[in-house]
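A.B. asks: Dropping the sequence and predicted coords here.
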Amino acid sequence: MKLNYFAKLVSNVGRWMAATVLCLCAMTFVWQGGFLSNTAAMASPAVNSIAAADIGDQVQEKASKDAGRAKNFIKDAEEKVKETAKTNAAKVDRASDDGSFVERKAKKDAATIEKRAEEDSARTQEAVNNTKNAVERAVDSIKDAFN
């Protein structure tokens, strides 16, 4: 099954958003790690676990917030694709009054576009959830390592 232009766009945007969330989380780990190189603080394991817990909570919160934003963006893109498909089908309907082959084809294509937009949106949102969950699991395992 070949994806049309809008479905490819939604799919690609979703993949990029998921990759962006993952990269942002990785950069947050690296960036926060550079400021925790105080050797006096490293002598006490209690301080390490508290700092790791705080950073871990911040990363998990950021991952959840970014995932929510990505999902909203994906939903908006899906709605715009559906709206465009309906608009195009309505234009063809207005242009042809006799129920021609072109009109039926346009309505069928609009329905197919809407269905694929929903499927792509669902797959992309699932990928965002999987990425967020992977980040949260990684943070939890790092927290556990410090405890």
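C.D. replies: Yes, it's here. Numbering: from 1, shown residues only.

A.B. asks: and the longest helix for the chain?
C.D. replies: Assignment by DSSP state H gives helix 45-95 as the longest helix of the chain.

A.B. asks: and it, what's its mean pLDDT?
C.D. replies: Taken as a whole, helix 45-95 has a mean pLDDT of 76.

A.B. asks: Can you name the next helix or strand after it?
C.D. replies: helix 101-146 (DSSP states H and E).

A.B. asks: Give the other helices and strands that that following helix contacts.
C.D. replies: The contact analysis (3 or more C-beta pairs under 8 Å, 6 or more residues apart in numbering; DSSP states H and E) places helix 101-146 against helix 5-34, helix 45-95. For every residue, glycine as well, the C-beta is placed using N, CA and C.

A.B. asks: and the angle for the longest one with helix 101-146?
C.D. replies: Think helix 45-95. 180 degrees (axes from the mean of the first three to the mean of the last three C-alpha atoms, to 10 degrees).
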